[in-house]
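>>> everything below, folded, please.
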Amino acid sequence: MAIIQKVIQDNYDFAKVELPEQLPQAHQRRHRKMTVQTDKGKFLVKTYSTDLRELDNLRFQHRLSEYLAENGLPAPRIQRAINGKGVVEQANWAMELQAFIDGGSMKITVETLTATAKALGKFHEICRDYPVPPRDARMWRFSDVPRDIFQRLYEMAYQQCPEQRIVDRCNTIARFLHDAQAALSIEQRDKFENGLIHGDWHGGNLMFKEEALVGIVDFEFSGAGCFLEDIAYGVSNLCIRRSVEEKRLSTRVNIFLDNYQLSRTLSYDELVALYYAVGIKHCTTVAYQCKQAGGTIAGLTAAQWIETLAAQCLWLAEASRKARFGE
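Take a look at the predicted model:
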């Protein structure tokens, strides 16, 4: 911490820099995250390796953050060093400072769901022609559910509840995923619009103060992609979650899609395929997290998740059918 304090003192135009503190309850997997108090306010400090690809991506994130802020979206302000750069490089590590956002993670309400959907629609619309690093936009982060991960989820569920209904629910999910892979095949993806996507649109990256959206953070996965990826990610994390109640699912999803489309209208093909994309993203996330957590996440066991996912997949398949036939 003392080393980082000195680097900040040497490279930024601050009269006073206090000793940084580790950011509580923050994931420290890829980057170390701290906060530091200065005479010009509080900042978030993040450290990186000096890998050239990683630093190029970081500079792209800075340009994107500034562009979003200029266009009315609450992206964090990057503090420039004395030399005018947003990244301070040391011998074998690098550092950035972001203005600290005084807010908390998103809590699901009509108001917060509306705000995030409007923000995502605006994000896609204003960044439609924004220059992005080259990437095959047809290659999605969540294009299918890895069989070994899903097999492990099923095995944990069956160990917890060795009954035929677990087998039946698993088969329901498998049939949905089979249909989803066909609906979202590489050949089908040419029907969906591409552009700049956020890549990680979930409640932890959307900062709120009460019910006002005050920060959109973490652009690490931003780049060329399919808009459907972001929408599916948002619906999965913000609308589906653990719920199996049809009315709640319909209400949340409709709020999200209606407000997203205030900026950008979904095509017929996107609307039909969306629910399958949501299912793949949701099943993949649950399967991965269950494996990491040893069988229980978000208060549900693996067996309870198999029951939940089966009900959600049935609802998603029916929602896609209704979209296909305009019901």
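
>>> contacts and neighbour counts: CA atoms only from here.
Fine.

>>> end to end, how far does stretch 242-251 reach?
By C-alpha to C-alpha, to the nearest Å, the extent of stretch 242-251 from end to end equals 15 Å.

>>> ok, residues contacting it?
Cys239, Ile240, Thr308, Ala311, Gln312, Trp315 (C-alpha atoms under 8 Å, 6 or more residues apart in numbering).

>>> domain assignment for this protein?
Per automatic domain parsing, the domain ranges recorded for the chain read 2-100, 110-325.

>>> related to what we said a few turns ago, could I get the contacts of stretch 242-251 as TSV with neighbour count, secondary structure and distance to Gln5?
Below are those laid out as TSV (neighbours: other C-alpha atoms under 10 Å; DSSP: H, G, I helix; E, B strand; the rest coil; distance: C-alpha to C-alpha, whole Å):
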residue	neighbour count	secondary structure	distance to Gln5
Cys239	23	helix	41
Ile240	22	helix	43
Thr308	17	helix	48
Ala311	18	helix	52
Gln312	24	helix	49
Trp315	19	helix	52
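
>>> show me the contacts for Pro186.
Quick fix: residue 186 is Ile, not Pro. Arg138.

>>> distance check, it against Val132.
From Ile186 to Val132 the distance is 21 Å (C-alpha to C-alpha).

>>> could you do Ser222 as well?
9 Å.

>>> overlap in contacts, those two.
Leu196.

>>> what is the neighbour count of the closest residue to Thr112 other than its chain neighbours?
Closest residue to Thr112 apart from its sequence neighbours, by C-alpha to C-alpha, 6 or more residues apart in numbering: Glu211 at 5.5 Å. When neighbours are counted by other C-alpha atoms under 10 Å, Glu211 registers 17.

>>> give me phi/psi at Glu211?
phi -110, psi 20 (degrees, to the nearest 10).

>>> my read: it touches Leu113, true?
No - using C-alpha atoms under 8 Å, Glu211 is not in contact with Leu113; the gap is 9.3 Å.

>>> follow-up on the earlier one: turn the domains of the chain into a markdown table, including mean pLDDT.
Listed next are the domains of the chain as a markdown table, based on pLDDT from 0 to 100:
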| stretch | mean pLDDT |
| --- | --- |
| domain 2-100 | 94 |
| domain 110-325 | 95 |
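
>>> show me where the chain has its helices.
For the chain, applying DSSP state H gives helices covering 2-11, 52-70, 110-126, 147-160, 164-183, 227-235, 246-260, 268-293, 302-325.

>>> hey, which of those helices is tucked in deepest?
Highest mean neighbour count of those: helix 227-235, a mean of 24 (counted as mean count of other C-alpha atoms under 10 Å).

>>> for that helix, name the packing helices and strands.
Counting contacts by 3 or more C-alpha pairs under 8 Å, 6 or more residues apart in numbering; DSSP states H and E, helix 227-235 packs against strand 194-197, helix 268-293.

>>> partner strands of the shortest one and their direction?
In the sheet containing strand 194-197, its partner strands are strand 223-226 (antiparallel), by DSSP bridges.

>>> could you dump the partner strand to PDB, C-alpha only?
C-alpha atoms of strand 223-226 as PDB (Å, rounded to 0.1, in the frame of the first residue of the first chain):
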ATOM      1  CA  GLY A 223     -16.000  -4.900 -27.800                       C
ATOM      2  CA  ALA A 224     -17.500  -6.100 -31.000                       C
ATOM      3  CA  GLY A 225     -20.400  -8.400 -30.400                       C
ATOM      4  CA  CYS A 226     -24.000  -9.300 -30.900                       C
END
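
>>> which residues are in contact with it?
Outside strand 223-226, the residues that touch it by C-alpha under 8 Å, 6+ apart are 132-140, 192-199.

>>> which among those count as buried?
Neighbour counting by 16 or more other C-alpha atoms under 10 Å classes Val132, Ala137, Arg138, Trp140, Phe192, Glu193, Asn194, Gly195, Leu196, Ile197, His198, Gly199 among these as buried.

>>> can you pull the phi and psi angles for the last one?
Read it as Gly199. Per-residue torsions, Gly199: phi 90, psi -10 (degrees, to the nearest 10).

>>> show me the contacts for the nearest residue to Ile101 once chain neighbours are set aside.
Nearest residue to Ile101, sequence neighbours excluded (C-alpha to C-alpha, 6+ apart): Gly215, at 6.6 Å. Taking C-alpha under 8 Å, 6+ apart, we find Gly215 in contact with Pro74, Ala75, Pro76, Ile101, Gly103, Asn205, Leu206, Met207, Phe208.
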